[in-house]
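[1] What follows is a protein structure lacking sequence information:
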C-alpha cells in the first residue's frame, strides 16, 4: 500500500515538491497500520507453518497422508501454534479493516486513478510520477494478492466454510486454500523485500520521512 518510488531514476521531480503534500493522511495511517499488522501476520504465519510444514491439495491432509510439497522447515508440533493462531487472526482482521478503509478512501479521493492506473493520454499532477511497472505492481498487490489472501484465509476457517461453503469449494478444499494462501503470502513477502530495497535506493530517510509527515524533502528527490 505504500507509495514508494521503484526505479528512482524514472521518478519525475516536481519544482514545488517541498511544499506539496506527497502522501495523504489516510495513506500514511493505513500504510503504518498495515506494516505492523503484516509483520504480525508474518511472524505468526511462520509459527503456524512450523507446526506442520507440509502442503496438500484437496479437502484434507495430515501426517501420514501424501503431501503435495514438503517444505524444508523443522517439524515442530507443539509450543507455537496456539499463540501463533491467536496473533494471526488478530493481525488479519486489523489488516482487513485497514485495507477496506484504504480502498474506500482511495476510491473516494481518486487516489488509485491518479497514482496507480497506467497513464493513457493524460498528464500527471502529483509530486512524483510512477512508471507502468510500478503502477501495475501496486494494483496487483492491492486488488489481486491481498483479496486472494483474505479469501483463502477465510476458506480455511471451519466456521466461515460451514456458513458459506462456496468460499472453500471454489478452491477444491481447505488444504488447497491453505497451499494457495502460502504461495500468495510468499509473493507478498517478495514484494515487501523489493519495496524496502527500492526505498533504500531512493533515499531511506527522505522516503520514510515523507510517509510519516506526508511531505517530501526538497532537494532529495531523484531526477
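    Noted; the coordinates are in hand. Everything numeric here is computed off the predicted structure, so don't read it as measured data. Residues are numbered from 1 along each chain as shown.

[2] Every contact and neighbour count from this point should use C-alpha atoms.
    Will do.

[3] ok, longest helix in this protein?
    helix 174-213 (DSSP state H).

[4] Can you list the helices and strands that that helix packs against?
    strand 54-55, helix 146-155 (3 or more Cα pairs under 8 Å, 6 or more residues apart in numbering; DSSP states H and E).

[5] Quickly list what residue 54 is bridged to.
    Beta-bridge pairing of residue 54 under DSSP bridges involves residue 70.

[6] any idea how far residue 147 lies from residue 25?
    23 Å (Cα to Cα, to the nearest Å).

[7] How about residue 161?
    Distance from residue 161 to residue 25, by Cα to Cα: 37 Å.

[8] higher neighbour count, the two?
    Neighbour count, other Cα atoms under 10 Å: between residue 161 and residue 25, residue 161 has more, with 17 against 14.

[9] Regarding that one, what is its secondary structure?
    helix (DSSP: H, G, I helix; E, B strand; the rest coil).

[10] so it touches residue 155, yeah?
    Yes: using Cα atoms under 8 Å, residue 161 is in contact with residue 155, at 6.0 Å.

[11] what is in contact with these two at once?
    167-168 (Cα atoms under 8 Å, 6 or more residues apart in numbering).

[12] how distant is stretch 108-123 from the center of its chain?
    On the basis of Cα atoms, centre = their mean, to the nearest Å, stretch 108-123 sits 20 Å off its chain's mean C-alpha point.

[13] my bad, should have said stretch 30-39
    Counting by Cα atoms, centre = their mean, stretch 30-39 comes out at 9 Å from the chain centroid.

[14] And for stretch 199-217?
    19 Å.

[15] average model confidence for that stretch?
    The average pLDDT within stretch 199-217 is 84.

[16] What residues sit buried inside that stretch?
    199, 202-203, 206-207, 210-212, 214-217 (16 or more other Cα atoms under 10 Å).

[17] can I get these in TSV with distance to residue 30?
    Listed next are these as TSV, based on distance: Cα to Cα, whole Å:
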residue	distance to residue 30
199	18
202	22
203	22
206	19
207	16
210	14
211	11
212	11
214	13
215	16
216	18
217	21
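
[18] Nearest to residue 181 among the residues you listed?
    Taking Cα to Cα as the measure, residue 181 lies nearest residue 199 of the buried residues of stretch 199-217, at 26.7 Å.

[19] From residue 193, how far out is the closest one?
    Taking Cα to Cα, one finds residue 199 at 10 Å from residue 193.

[20] cool, and residue 202?
    In terms of Cα to Cα, residue 202 sits 14 Å off from residue 193.

[21] And residue 151, by the same measure?
    Taking Cα to Cα, one finds residue 151 at 23 Å from residue 193.

[22] Which residue of those two possesses the greater neighbour count?
    Using other Cα under 10 Å, the more surrounded residue of residue 151 and residue 193 is residue 151, with 16 against 12.

[23] Looks like the more buried one contacts residue 167 (just checking).
    Yes: counting by Cα under 8 Å, residue 151 does reach residue 167; the two are 7.3 Å apart.
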